[in-house]
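**Q** with the input below, show me the fold.
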Amino acid sequence: MGALAEELEKKSFSSISVSSLCRTAGVDRATFYRHFEDKQDLLERGIAQLLDRIIQRTGAGSPDDPHFLNRIEHLFQDLEKHRNMLRPFVSSSASIFIEERFKKLLFDFLLHQRIQELFPNSQKSSFLPEILTVMTGSALYGLIKMWLSEKPEWDSTVLAEVYRSYITGGVGIFINSEIRFQEPV
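**A** I've put the predicted structure just below:
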C-alpha cells in the first residue's frame, strides 16, 4: 500500500504500472500477484483500509459527542492528508464496494445518530430525520467527490466550516419549524 501511495505522489493512477509498484515496494511481480489481482485491487483494498482508519479517528459510535461537527473537520483533514490515494477513487468508476463503504462512513458514522438526536422524541420515529440524513449525507458526499477530483485548491478547513454551517442551518430549520410533515403511507 505504501508503494502505491508513493507512486501516486508522482503520477496519476492510470500511468502507474504493476512493474513500477513492484520496484517501489521492492518485491517481484509474482509476490504482487499472490496478494492482489491487479493494481485496481490494490487501490480498492488500500482505500478500504484508509476509510476504516478514518471511521475510527472520526469517533464512530460516539453518539454523546457534544462536538459532533468537529468530526466533519477531522474528516476533511484526513481526506486532505490522503488526497492522492483517494483521487483515483473519485475521478474514475469506483467499485460499488468502496463507494458504499465511503457512504457508510458519511451517513452512519457522521450523520445519522446526530441528526436523530436533534429531533424531539415526538419526531424521532418519523421519516424526517431519515430524509435529512440522506440529504445532508448526499450533499457531503458530492462535495467531497468534487473537491478531491476537480477543486484541489479549495481549503479543507473552509470546506468543513461551510458544510458545518450548511448542516446546522438547514437541519435547524426543520427542527425549529412549526410545520409537521405527515409520513407517507
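**Q** what helix or strand is the residue positioned nearest the centre of the chain located in?
**A** Nearest to the mean C-alpha position of the chain, by Cα atoms, centre = their mean, lies residue 102 at 4.5 Å. Residue 102 belongs to helix 96-104 when assigned by DSSP states H and E.
**Q** following the helix or strand bottoming out on mean pLDDT in the chain, which helix or strand comes up?
**A** Ranked by mean pLDDT, DSSP states H and E, the weakest helix or strand in the chain is helix 121-124, scoring a mean of 60. Moving toward the C-terminus from helix 121-124, the next helix or strand (DSSP H and E) is helix 128-149.
**Q** show me the shaky parts of this structure.
**A** Low-confidence segments of the chain (pLDDT under 70): 58-69, 91-95, 97, 109-110, 112-114, 116-126, 170-185.
**Q** returning to that earlier point: and the residue nearest to the centre of the chain, what does it touch?
**A** 51, 89, 141 (Cβ atoms under 8 Å, 6 or more residues apart in numbering). The way it works is simple: take the backbone N, C-alpha and C, and place the C-beta from them, glycine included.
**Q** now residue 28
**A** Contacts of residue 28 by Cβ under 8 Å, 6+ apart are residue 22.
**Q** tell me the phi and psi of it?
**A** Per-residue torsions, residue 28: phi -90, psi 170 (degrees, to the nearest 10).
**Q** ok, now how distant is it from residue 42?
**A** 15 Å (Cβ to Cβ, to the nearest Å).
**Q** residue 26 now?
**A** 15 Å.
**Q** the two: which has the busier surroundings?
**A** residue 42 (20 against 8; other Cβ atoms under 10 Å).
**Q** pull the contacting residues for the more buried one.
**A** 1, 4, 21, 32, 36.
**Q** out of everything not next to it in sequence, what's closest to the first one?
**A** With Cβ to Cβ, 6 or more residues apart in numbering as the measure, residue 46 is the residue that lies nearest to residue 1, at 4.5 Å, once sequence neighbours are left out.
**Q** using the three-state scheme, assign the one you found.
**A** helix (DSSP: H, G, I helix; E, B strand; the rest coil).
**Q** what about it, how many residues nearby?
**A** Residue 46: 22 neighbours (other Cβ under 10 Å).
**Q** and for the one 4 residues further on?
**A** The criterion is other Cβ under 10 Å. On that basis, residue 50 has 22 neighbouring residues.
**Q** now it: which helix or strand?
**A** helix 39-57.
**Q** next SSE after that helix?
**A** Taking DSSP H and E, what comes next after helix 39-57 is helix 68-81.
**Q** pull that following helix out as PDB, backbone CA atoms only.
**A** Presented in PDB, the C-alpha positions along helix 68-81 are these (Å, rounded to 0.1, in the frame of the first residue of the first chain):
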ATOM      1  CA  PHE A  68     -20.200  16.300  16.600                       C
ATOM      2  CA  LEU A  69     -19.500  18.900  14.000                       C
ATOM      3  CA  ASN A  70     -15.800  18.700  14.700                       C
ATOM      4  CA  ARG A  71     -15.900  15.200  13.200                       C
ATOM      5  CA  ILE A  72     -16.600  16.900   9.900                       C
ATOM      6  CA  GLU A  73     -13.400  18.900  10.200                       C
ATOM      7  CA  HIS A  74     -11.500  15.700  11.200                       C
ATOM      8  CA  LEU A  75     -12.900  14.000   8.100                       C
ATOM      9  CA  PHE A  76     -11.800  16.800   5.800                       C
ATOM     10  CA  GLN A  77      -8.300  16.800   7.400                       C
ATOM     11  CA  ASP A  78      -7.900  13.100   6.900                       C
ATOM     12  CA  LEU A  79      -9.200  13.300   3.300                       C
ATOM     13  CA  GLU A  80      -6.700  16.100   2.600                       C
ATOM     14  CA  LYS A  81      -3.800  14.100   4.000                       C
END
